[in-house]
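[1] Give me a 3D structure for the following:
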Amino acid sequence: MEFRCSFAREATVDRVTDPSESRDSAPPRTRRDEFVVFLIIAALIWPIVAVGVVGGYGFLVWMSQLILGSPGPPN
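    Numbers count the residues shown, from 1 in each chain. Below you'll find the predicted structure:
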């Protein structure tokens, strides 16, 4: 028995192969553009991610202690 996937065949046929529509048509990034993106990532995105991760871990510990009790020997 031979398996044929008509969707995959259609997807490869429909793919655009025109060389004028390549990624080279976009304007090249300058060093300043890359520096601005770096500053946005370093000054805005990573601090927000760090606060979210630490806050999420604290919330997880808080909820686990609420359900399971405080750590340590039982009283």
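
[2] make it CA atoms for all contacts and neighbour counts henceforth
    Will do.

[3] hey, where'd the helices end up in the protein?
    Defined through DSSP state H, the helices belonging to the chain, from first to last, are 6-14, 31-40, 46-68.

[4] Which among the ones you listed is found nearest to Ser25?
    For the helices of the chain, proximity to Ser25 was assessed by C-alpha to C-alpha; helix 31-40 is nearest, at 17.4 Å.

[5] tell me how far the ends of stretch 64-74 are from each other?
    End-to-end distance for stretch 64-74, by C-alpha to C-alpha, to the nearest Å: 16 Å.

[6] if we can go back for a sec, using JSON lines, lay out the helices of the chain together with distance to Ser25 and mean neighbour count.
    Conversion of those to JSON lines gives the following (distance: least, C-alpha to C-alpha, whole Å; neighbours: other C-alpha atoms under 10 Å):
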{"stretch": "helix 6-14", "distance to Ser25": "21", "mean neighbour count": "9"}
{"stretch": "helix 31-40", "distance to Ser25": "17", "mean neighbour count": "11"}
{"stretch": "helix 46-68", "distance to Ser25": "31", "mean neighbour count": "12"}
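
[7] Any idea which of those gets closest to Pro74?
    helix 46-68 (11.4 Å).

[8] pLDDT (mean, whole number) over that closest one?
    Summarised as a single mean, pLDDT over helix 46-68 is 97.

[9] Switch the helices of the chain over to CSV; also include distance to Pro74.
    Formatted as CSV, the helices of the chain follow (distance: least, C-alpha to C-alpha, whole Å):
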stretch, distance to Pro74
helix 6-14, 61
helix 31-40, 48
helix 46-68, 11
